[in-house]
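Asker: task: produce atomic coordinates for the following.
(chains A and B)
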Amino acid sequence: MLDSSADASALIERLEACRRRYPASDPEMVADIVRAVLSTMRGDLTAPETALLHEVAELGQVIANAKAEIEALRANDISTSHIPSATDELDAIVTHTAMATEAILETCETLDTMAETLDPAYAAKLQDATTRIYEACSFQDITGQRITKVVQTLKRIEEKVTQIITAFGVGEAMPAAAEEISLSSPISEEALLNGPQLPSSAMDQSDIDRLLASFD
Amino acid sequence: MTINKSMNVLIVDDYKTMLRIIRNLLKQIDFNYVDEATDGAEALAKLRSGNFGLVISDWNMQPMTGLQLLQEVRADARLKSLPFIMVTAESKAENVVAARQAGVSNYIVKPFNAETLKEKIEKVLGHA
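Answerer: Below you'll find the predicted structure:
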């Protein structure tokens, strides 16, 4: 029997300790244990004890419901099929745009070579045109980096889904997720490497020039 | 200001299309002696064994980043004064500050145009 709220707190602390000690325990097993404990309770219970036991029983039911819902959602498909498929599609975009860019560059180089045989005025005009094309082709590098960021985000989602699936004992266990980068830690080079910024939040060349000049 | 355009320029980027773009843009402003590396480690080996007058490097590369390459260059007695331009999509203020603290000569954010590249090269080599 529980004699006071202090005992109830002690019980909660013990449950919390068990949760830390066995983080990957099968929720169904926990629910079974709760049911078994409840079935062995004898004698009169005080109102707080009854409330606490009721909460514990409901918790077991919530865990069982969540597990059933995750199974019904076929969450395993997210990490085994949907996300790998999406990342493959994105990789294909990078590959195909890279091939197209290479073809454009090759054509420009041919034009540059031809320009050397032309009248200087025409050659200059042609070179101006190819310069604009070279500049525009750098989009491939930027989009490639943006897509890489999206792929990394998808992989993080995949890891989180896998963690949830593993915690609820749905489907097969998957590898552990990579450790997270703390936002509060000192700036490491890894934290500096964020790839292209969105135009709305990026510094442009003039901002960078001003910042650099501030050091002089 | 007279710029020596017959110098060897090393361009460093893990993305070969970008190397090709920069090489062509350099050719259009008469820098015809251009060598390439696809990461910092390869670049450092080329710099230590060759004779280069300018480095134009991306930042985000593996296994050695552009920042690490810059730090290695500045720590090398023979290379420490080599003009070094970072060309990168990393455009946050902390990136620019980190590069400046490591001794970068100038910083170009991608995407860039030919005029910006020319202007920064002239500025860096004019001070070299």
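
Asker: check whether stretch B:22-39 comes near chain A.
Answerer: Yes - judged by C-beta under 8 Å from any C-beta of the partner chain, stretch B:22-39 comes into contact with chain A through B:Asn24, B:Leu25, B:Lys27, B:Gln28. From N, CA and C alone the C-beta is placed, and that goes for glycine too.

Asker: got the CA positions of that stretch in CSV?
Answerer: Presented in CSV, the C-alpha positions along stretch B:22-39 are these (Å, rounded to 0.1, in the frame of the first residue of the first chain):
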residue,chain,number,x,y,z
ILE,B,22,36.2,28.8,-63.1
ARG,B,23,38.9,27.6,-65.5
ASN,B,24,37.0,29.0,-68.5
LEU,B,25,36.3,32.3,-66.7
LEU,B,26,40.0,32.6,-65.9
LYS,B,27,40.9,31.8,-69.5
GLN,B,28,38.6,34.7,-70.6
ILE,B,29,40.6,37.1,-68.5
ASP,B,30,43.9,35.7,-69.8
PHE,B,31,44.9,33.4,-67.0
ASN,B,32,45.9,30.4,-69.1
TYR,B,33,48.1,28.5,-66.6
VAL,B,34,45.5,26.8,-64.4
ASP,B,35,45.8,23.6,-62.5
GLU,B,36,43.1,21.9,-60.6
ALA,B,37,42.5,19.9,-57.3
THR,B,38,39.4,18.3,-56.0
ASP,B,39,40.0,18.6,-52.3
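
Asker: just how off-centre is it within its chain?
Answerer: Here stretch B:22-39 is found 10 Å from its chain centre; the criterion is C-alpha atoms, centre = their mean, to the nearest Å.

Asker: sorry, back to before: of the residues of stretch B:22-39 next to chain A, buried ones?
Answerer: Neighbour counting by 16 or more other C-beta atoms under 10 Å in any protein chain shown classes B:Asn24, B:Leu25, B:Gln28 among the residues of stretch B:22-39 next to chain A as buried.

Asker: follow-up on the earlier one: would a markdown table of the residues of stretch B:22-39 next to chain A with pLDDT, secondary structure and distance to A:Leu11 be doable?
Answerer: Below are the residues of stretch B:22-39 next to chain A laid out as a markdown table (pLDDT from 0 to 100; DSSP: H, G, I helix; E, B strand; the rest coil; distance: C-beta to C-beta, whole Å):
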| residue | pLDDT | secondary structure | distance to A:Leu11 |
| --- | --- | --- | --- |
| B:Asn24 | 93 | helix | 73 |
| B:Leu25 | 94 | helix | 71 |
| B:Lys27 | 92 | helix | 77 |
| B:Gln28 | 89 | helix | 77 |
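
Asker: shaky segments in chain A?
Answerer: Residue ranges of chain A with pLDDT under 70: A:1-8, A:18, A:21-28, A:31, A:34-35, A:37-44, A:170-186, A:198-199.

Asker: pick out the residue of chain B closest to chain A.
Answerer: The minimum distance from chain B to chain A, using C-beta to the nearest C-beta, falls at B:Ala89 (4.0 Å).

Asker: give me the element the closest residue to that residue other than its chain neighbours is part of.
Answerer: If you skip the residues right next to it in sequence, B:Ala89 has A:Pro196 as its closest partner in space, 4.0 Å away by C-beta to C-beta, 6 or more residues apart in numbering or on different chains. Here A:Pro196 is covered by no helix or strand, with elements defined by DSSP states H and E.

Asker: so how far is A:Ala167 from A:Ile63?
Answerer: Per C-beta to C-beta, to the nearest Å, A:Ile63 is found 10 Å from A:Ala167.

Asker: nope, A:Asp204 is what I was after
Answerer: A:Asp204 is 45 Å from A:Ala167, by C-beta to C-beta.

Asker: ok, these two, which is more surrounded?
Answerer: Taking other C-beta atoms under 10 Å in any protein chain shown, A:Asp204 and A:Ala167 do not tie; A:Ala167 has more neighbours (17 against 10).

Asker: next one: the more buried one from A:Ala64, what distance?
Answerer: The gap separating A:Ala167 from A:Ala64 is 14 Å, by C-beta to C-beta.

Asker: same check on B:Ala89?
Answerer: From B:Ala89 over to A:Ala64 the distance is 48 Å, taken as C-beta to C-beta.

Asker: now do the SS call for the residue nearest the centre of chain B.
Answerer: Nearest to the geometric centre of chain B sits B:Ile56, at 1.4 Å (C-alpha atoms, centre = their mean). Per DSSP: H, G, I helix; E, B strand; the rest coil, the secondary structure class of B:Ile56 is strand.

Asker: which parts of chain B are strands?
Answerer: In chain B, the segments counted as strands under DSSP state E are B:9-12, B:34-37, B:54-57, B:84-88, B:106-109.
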